[in-house]
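Engineer: Dropping a prediction and its sequence here:
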Amino acid sequence: MANEDLGRTLRRLRRLASLTQEELAERAGVSVDVIRQLEQGRKQSARLPTLHALANGLGVELTTLLGDPPAVASSGENDGPRFVAVRRAIMPALGGPGPEPPGVGFPLDQLREQIAAGWTRYHSAEFDSVMKALPALIADARTATASADEEVRRAGFGALGKALQLAGHVAVRMGKTDLALISLERAIDAAGKSGDPLLVPMIVNSTAWTYQRQGRLDDALGIALRHADDLAGAGRLDTADGLKVWGALTMSAATSAARSGDYERAAAIMEAAEKEAARVVKLPDGGDNRMVSVFSPSSVRIERVRLAVQYGHPQDALALAKGMRLSKDTPPSWRTWLLLDVARAHTDLGDAVGAVKALESLRRVAPTWMQHHTLAVAIVRDLWALPNHPSGLRALAEFLGVCA
C-alpha cells in the first residue's frame, strides 16, 4: 500500500504512545528496520498484515494509521467556510448575545425531524450535506432552550444535545478530535438539562469512541463501563431504547479492551452483549430509531467480526460473518464495516477472489461510504499488487482511482 503520509503518521503515533522504534517492533512483531524505513520515507508501502500489526502495537484503529476516511467533498477543504460555520456553531464567540426566546408556534417537532434526518445522512456518508445543515440546527435548538415554557425548554436542550453530538461525530470524521470532544462535552451539558435519562449515556458513548480515536483507551473503557453499569443499576434495560444505549456502551468497552491487547476479554464481552441484543425486539420501543444508539444482534455480530479480523483472527471473522442476515435498521456505515472486514479477512488469508466479491457487494450497497474509506483503497492496492488479478478487480481499482 502506497501512502505518502504513512511514515509521518506512524512516527507521530509512536511518539504519542511513548514508544521507541525497538519497543514498537517488539509489540507489533514487525522488523524494526521496516519501521525505520517507513518513518524515514525510504519505504512508502506496507501490506495489510504489517499495518494491522503496527496498529495493534500502537493500540489504535487501522484507519487511524492509514488516515481517517475523509468527511469532505472532493475539494479536500476540511477547514473551508462550511466547516468554519460548524466551529462557530459549536463554540459561539465569547461575550456574544445569548439566544432569543422562540416565538409562538416554534416548530419543535420539525426541528427534531431535521436532526433525525441529519443522523440518517451522516450514516449514509453525506457529510457535506450534514455540515451545511448543522449551524442552523444548533442555532434553532439553542433558541428553544431560551423558552419560558419548561417543557419546550427541556425539549430544546434534548435537541441541542443531539445536534452537538452529531457535530462531534462530523468533527471526528474531519480528523479534529479535540473539537469533537468540546462539542460532545457541551452536548452532555445540554443533555443533563433535558430530563431524558438516556441522552447523557448516549453521548458518553460518542465520547468513548472519540477517546479511542485519540488512543486514550483506558479513559474510553472506564467511561463506557461506568455508564453501562449505571444504566443497569437504574433499571433502564427494560425498554428497547435503554437496552440499545447499554449495548452500545458495552460494545464500546469491548473495543477498548481489544485495542488494549485483551482480545479474550473483548470477545467474552461481545458474546454476552449479543445474547442481550436478542431481547431488543421483545421490548417496548420508546422513540425514533434514528436518534437512539445502534444495538441489535446484527450490530453486535458486525463488531465481533471487526475485532476478530483486526486482532489477527481472520478465519474466526469469516465464520462469524457467514450466513449473517442484517436487520433492516442496520445503517449503511455498519454494513460498510462488515463488508470491508470480510474483504480484509479474505485478503489476510490470501483469498483474492473472496476479497473482490466482498468489495463488489460493498460497491453495490454503499458506494459513497466505499469511496470515503481509506481502508477500501488499501485493500484494493494490496490486491492490485498481486501478479494475477481476479475478475472484477480492475473495475474496483478504477472506481477507487487505484490503477493508472
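Structural biologist: Great, that's in hand.
Engineer: Please count neighbours and contacts with C-alpha atoms only from this point.
Structural biologist: OK.
Engineer: Which elements pack onto the longest helix seen in the chain?
Structural biologist: What stands out as the longest helix in the chain, according to DSSP state H, is helix 150-173. In terms of contact count using 3 or more Cα pairs under 8 Å, 6 or more residues apart in numbering; DSSP states H and E, helix 150-173 is assigned the packing partners helix 81-90, helix 108-123, helix 127-145, helix 177-192, helix 199-213.
Engineer: can I get these in CSV with mean neighbour count and mean pLDDT?
Structural biologist: Output for the helices and strands packed on helix 150-173, formatted as CSV (neighbours: other Cα atoms under 10 Å; pLDDT from 0 to 100):
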stretch, mean neighbour count, mean pLDDT
helix 81-90, 18, 90
helix 108-123, 18, 93
helix 127-145, 21, 95
helix 177-192, 22, 97
helix 199-213, 24, 95
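Engineer: what would the ones you listed look like in TSV with distance to Val305?
Structural biologist: Below are the helices and strands packed on helix 150-173 laid out as TSV (distance: least, Cα to Cα, whole Å):
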stretch	distance to Val305
helix 81-90	34
helix 108-123	20
helix 127-145	26
helix 177-192	26
helix 199-213	18
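Engineer: List just the one of these that sits closest to Pro390.
Structural biologist: Nearest to Pro390 among those is helix 108-123; the distance by Cα to Cα comes to 30.9 Å.
Engineer: residues in contact with that closest one?
Structural biologist: Contact with helix 108-123 is made by 127, 129-130, 133, 137, 140-141, 144, 152, 155-156, 159, 162-163, 166, 170, 288, 290-291, 331-333, as judged by Cα atoms under 8 Å, 6 or more residues apart in numbering.
Engineer: switch the cut-off to 7 Å
Structural biologist: Val130, Leu137, Ala159, Ala163, Leu166, Arg290, Met291, Pro331, Pro332, Ser333 (Cα atoms under 7 Å, 6 or more residues apart in numbering).
Engineer: again with stretch 385-401
Structural biologist: Ala352, Val353, Val356, Gln371, Val377, Val380, Cys403.
Engineer: Pull out the buried positions in that stretch.
Structural biologist: Within stretch 385-401, the residues that qualify as buried are Pro390, Leu393, Arg394, Leu396, Ala397, Leu400, counting by 16 or more other Cα atoms under 10 Å.
Engineer: measure it end to end?
Structural biologist: 14 Å (Cα to Cα, to the nearest Å).
Engineer: Likewise for stretch 86-106?
Structural biologist: Stretch 86-106 has an end-to-end distance of 23 Å (criterion: Cα to Cα).
Engineer: again, but for stretch 142-153
Structural biologist: Span of stretch 142-153 from end to end, Cα to Cα: 9 Å.
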